[in-house]
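A.B. asks: pasted the sequence and its predicted model underneath.
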Amino acid sequence: MTQTADMILNNPFLNKGTAFTQAERRDLGLVGTLPAQVQTIDEQATQAYAQYQSKPSDLEKRIFLMNLFNENRTLFFHLMDEHVVEFMPIVYDPTVADSIEQYSHLFTDPQNAAFISVDAPEDIEATLKNAAGDRDIRLVVVTDAEGILGMGDWGVNGVDIAVGKLMVYTAAAGIDPAQVLPVSIDAGTNNQTLLNDPLYLGNHHERVYGDKYHAVIDQFVAAEQKLFPESLLHWEDFGRSNAQVILDKYKDKIATFNDDIQGTGMVVLAGILGALNISKENIKDQKFLIFGAGTAGMGIANQILDELKRAGLSEEEARQHFYAVDKQGLLFSDTPDLTAAQSEFTRERADFSNASDLTNLAVVVKTVHPTVMIGTSTQPGTFTEAIVKDMAAHTERPIIFPLSNPTKLAEAKAEDLIKWTDGQALVATGIPAADVDYNGTTYHIGQGNNALMYPGLGFGLVASTAKVLNGETLSAACHALGGIVDTSEAGAAVLPPVSKLTEFSQKLAEVVAQSVVDQGLNKEPISDVKQAVADMKWVPEYK
Ligand SMILES: NC(=O)c1ccc[n+]([C@@H]2O[C@H](COP(=O)([O-])OP(=O)(O)OC[C@H]3O[C@@H](n4cnc5c(N)ncnc54)[C@H](O)[C@@H]3O)[C@@H](O)[C@H]2O)c1
Ligand SMILES: O=C(O)C[C@H](O)C(=O)O
Ligand SMILES: [Mn+2]
């Protein structure tokens, strides 16, 4: 079917706007549908950036950028490429959190997402087909939005996290935006504000759990694999009771990963390795306190556990390095209501003379003297000055990562951690943090966000046509970022800066693809891994 001018100009994958040349305008039937002047993509980008800058708030800026994204993907990513550090917190975390909260009120465009309803499993295949059109989908990000960042259940509004994660994939690693598909699984919502809101765009009923829910997940995976057999399936922001269960079901069968469990585990281990590079300490000498033993917290614990075992510790020895703290306090083997993941990281009461007192973070820190403290609790301000000072009194370079997102939920601010520890803390935060000037040194704060890892990981898996993602590949990826930061410099960050996101995502993709090929886990034959990664890369220029 030949495309009319209207179809071309309204297709964000084809549209070039004023950059269509005179020859293209003639060939495509666009004559007279655009103003006379033909612009370059750089001229368009300059004009768009000026408009962006005129927007008064971060949310307004995001809305402007999303409109551009809706109209012209190439121009959007060209512009993002030029301003990646500035745009990351606008298109992604933390501003994506505001847009999710207001999604139903701000809705203008479905952004090529697929909307699956728990009430219409018979439509799943048609839904994916319709949303994909004739595009060759290689990467799917799916969310059911039960645990959006640390903000809980946001129903269909959560589709914005799938869209946002995919935007970062393209900006960071260069996946072709025409080859991706964001998916919302609308299983209902327990968010009363949404249910009471007549403008809420999702299913107006309580969240469905159990057999009916899992049947929908199974049908979704089956249809997704049937329609897009070459694709990687990325799970995002599922609730604590489903995330690990779904991952365990599929991780050995298809190319898939859970970003909150594995992506977060990777970025935290990479950050710890970066911190130990600075302190010149050994990972085997560390005591890890995980505050908030949920999806992310236990994903982190498992990735560190794997590293300790690779460093030569037995499973039993390695587990002794962990202290998991949740609402109940330090988790013991007899603590009620443990999740399956938590029960792998419990301690024995008999090992503590004050076991019954270990019900809050302050007492646990005082008792166990952790050297590494990770926050994935969604509880703002819980890494207090007293707790941090207590920790710092027993370890020279405390490693402290308050990772809860968005901004308002962080366990501590980077600036406070540096000050409270007299510049000794090695810090990473979930959202971007400004440099901290303290006592004549400028401290760079690493962004401990899975966005540093999942684009390179996912891209490497897609480029290498991976059948599955295993521990070997995850471990290789965790070690791939070493050497990018100059750790001899005072105030060095534990992770590389977002300004180098495209550079290290490529490195990560190559390491991941190499690991896949070395293990013979590629579906298609690959003779040159670097070439395969380079061939897959899309660049935001008009073709
Ligand atoms: N920086 C990153 O890359 C990254 C990645 C994933 C998740 N996160 C953040 O981590 C947080 C948790 O996400 P999740 O997916 O693991 O959610 P989750 O709901 O699975 O886990 C949160 C855990 O915190 C526990 N918790 C709640 N209140 C607590 C309290 N007062 N004391 C101790 N524990 C408490 C909960 O019981 C739960 O086990 C979110 O804010 C999310 O944004 C950050
Ligand atoms: O989305 C983010 O910013 C990171 C992470 O996946 C989260 O859920 O907080
Ligand atoms: Mn997430």
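C.D. replies: Received, thanks. Ligands and ions are numbered 1, 2, ... in the order given.
A.B. asks: now do the residue lying closest to A392 once chain neighbours are set aside: how many residues are near it, please.
C.D. replies: Of all residues not flanking A392 in the chain, T421 sits nearest, at 4.4 Å (CB to CB, 6 or more residues apart in numbering). Bear in mind the C-beta positions are built from the backbone N, C-alpha and C, glycine included. Applying other CB atoms under 10 Å, we find 23 residues neighbouring T421.
A.B. asks: what's the spacing between T421 and V363?
C.D. replies: Computed as CB to CB, to the nearest Å, the T421 to V363 distance reads 20 Å.
A.B. asks: list the buried ones in stretch 57-70?
C.D. replies: Neighbour-count burial for stretch 57-70, counted by 16 or more other CB atoms under 10 Å, picks out L59, K61, R62, I63, F64, L65, M66, L68, F69, N70.
A.B. asks: near ligand 1, which residues of the stretch 401-543 of the chain are found?
C.D. replies: L403, S404, N405, L409, G430, G448, N449, N450 (CB under 6 Å from any ligand atom).
A.B. asks: return the residues in contact with V208.
C.D. replies: By CB atoms under 8 Å, 6 or more residues apart in numbering, the residues touching V208 are V118, A187, G188, V216.
A.B. asks: hmm, who's touching the strand or helix carrying the last one?
C.D. replies: Secondary structure assigned from DSSP states H and E places V216 in helix 210-227. Outside of helix 210-227, the residues within contact range by CB under 8 Å, 6+ apart are 116, 118, 121, 124-125, 128-129, 132, 137, 140, 142, 183, 185, 187, 208, 231, 233, 242, 246, 250, 254.
A.B. asks: list the buried residues for it?
C.D. replies: Neighbour-count burial for helix 210-227 [16+ other CB under 10 Å]: Y213, V216, I217, F220, V221, A223, E224, Q225, L227.
A.B. asks: how about the strands in this structure?
C.D. replies: 114-117, 139-143, 180-186, 232-236, 256-258, 288-291, 322-326, 329-330, 372-375, 399-402, 426-429, 436-438, 441-443, 446-447 (DSSP state E).
A.B. asks: can you redo those as JSON lines with mean neighbour count, distance to ligand 3 and mean pLDDT?
C.D. replies: Shown next, in JSON lines, are the strands of the chain (neighbours: other CB atoms under 10 Å; distance: least, CB to the ion, whole Å; pLDDT from 0 to 100):
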{"stretch": "strand 114-117", "mean neighbour count": "22", "distance to ligand 3": "19", "mean pLDDT": "98"}
{"stretch": "strand 139-143", "mean neighbour count": "27", "distance to ligand 3": "8", "mean pLDDT": "99"}
{"stretch": "strand 180-186", "mean neighbour count": "25", "distance to ligand 3": "14", "mean pLDDT": "98"}
{"stretch": "strand 232-236", "mean neighbour count": "25", "distance to ligand 3": "5", "mean pLDDT": "98"}
{"stretch": "strand 256-258", "mean neighbour count": "25", "distance to ligand 3": "9", "mean pLDDT": "98"}
{"stretch": "strand 288-291", "mean neighbour count": "25", "distance to ligand 3": "17", "mean pLDDT": "99"}
{"stretch": "strand 322-326", "mean neighbour count": "24", "distance to ligand 3": "18", "mean pLDDT": "98"}
{"stretch": "strand 329-330", "mean neighbour count": "21", "distance to ligand 3": "26", "mean pLDDT": "98"}
{"stretch": "strand 372-375", "mean neighbour count": "28", "distance to ligand 3": "15", "mean pLDDT": "98"}
{"stretch": "strand 399-402", "mean neighbour count": "30", "distance to ligand 3": "15", "mean pLDDT": "98"}
{"stretch": "strand 426-429", "mean neighbour count": "27", "distance to ligand 3": "15", "mean pLDDT": "98"}
{"stretch": "strand 436-438", "mean neighbour count": "16", "distance to ligand 3": "26", "mean pLDDT": "98"}
{"stretch": "strand 441-443", "mean neighbour count": "15", "distance to ligand 3": "26", "mean pLDDT": "98"}
{"stretch": "strand 446-447", "mean neighbour count": "27", "distance to ligand 3": "14", "mean pLDDT": "96"}
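A.B. asks: out of those, which comes closest to ligand 2?
C.D. replies: strand 232-236 (6.5 Å; CB to the nearest ligand atom).
A.B. asks: tell me what angle the closest one forms with strand 180-186.
C.D. replies: Interaxial angle of strand 232-236 relative to strand 180-186 (axes from the mean of the first three to the mean of the last three CA atoms, to 10 degrees): 40 degrees.
A.B. asks: quick one: contacts for the closest residue to P94 other than its chain neighbours?
C.D. replies: Nearest non-adjacent residue to P94, counting by CB to CB, 6+ apart: P406, 3.8 Å away. Each residue near P406 by CB under 8 Å, 6+ apart is listed here: D93, P94, A97, L149, G150, M151, G430, I431.
A.B. asks: with M167 instead?
C.D. replies: Applying CB under 8 Å, 6+ apart to M167 gives the contacts F69, M80, V91, Y92.
A.B. asks: which among the residues you listed are in contact with ligand 2?
C.D. replies: Of the contacts of M167, not one also sits near ligand 2 (CB under 6 Å from any ligand atom).
A.B. asks: any chance of the residues you listed in JSON lines, plus distance to ligand 3 and pLDDT?
C.D. replies: Shown next, in JSON lines, are the contacts of M167 (distance: CB to the ion, whole Å; pLDDT from 0 to 100):
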{"residue": "F69", "distance to ligand 3": "20", "pLDDT": "98"}
{"residue": "M80", "distance to ligand 3": "20", "pLDDT": "98"}
{"residue": "V91", "distance to ligand 3": "15", "pLDDT": "97"}
{"residue": "Y92", "distance to ligand 3": "11", "pLDDT": "97"}
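A.B. asks: next, format those as a markdown table and append distance to L305.
C.D. replies: Formatted as a markdown table, these follow (distance: CB to CB, whole Å):
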| residue | distance to L305 |
| --- | --- |
| F69 | 39 |
| M80 | 36 |
| V91 | 34 |
| Y92 | 29 |
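A.B. asks: please narrow the residues you listed to those residing in helices.
C.D. replies: Members of the contacts of M167 lying in helices (criterion: DSSP state H): F69, M80, V91.
A.B. asks: right, and out of those, which lies closest to V436?
C.D. replies: Nearest to V436 among the ones in helices among the contacts of M167 is V91, at 25.2 Å by CB to CB.
A.B. asks: nearest spatial neighbour of L469, skipping sequence neighbours?
C.D. replies: Nearest to L469 is F257, by CB to CB, 6+ apart, at 5.1 Å.
A.B. asks: contacting residues around that neighbour?
C.D. replies: Taking CB under 8 Å, 6+ apart as the test, what F257 contacts is L232, H234, W235, L247, K251, G263, Y454, L457, G458, L461, L469.
A.B. asks: over to V363?
C.D. replies: Contacts of V363 (CB under 8 Å, 6+ apart): G329, N354, D357.
A.B. asks: hang on, the earlier thing: which of the buried residues of stretch 57-70 fall in helices?
C.D. replies: Per DSSP H, those map to helices at L59, K61, R62, I63, F64, L65, M66, L68, F69, N70.
A.B. asks: show me the contacts for the third one.
C.D. replies: The contact partners of R62, taken as CB under 8 Å, 6+ apart, are I90, V91, T95, V96, D98, S99.
A.B. asks: same thing with the last one?
C.D. replies: Taking CB under 8 Å, 6+ apart as the criterion, N70 is in contact with P12, T108, D109, Q111.
A.B. asks: just give me the closest of the residues you listed to Q37.
C.D. replies: So of these, ranked by how close each gets to Q37 (CB to CB), first place is P12, at 21.5 Å.
A.B. asks: go ahead and confirm the closest one touches L68.
C.D. replies: No: in this structure P12 lies outside contact range of L68 using CB atoms under 8 Å: 9.1 Å.
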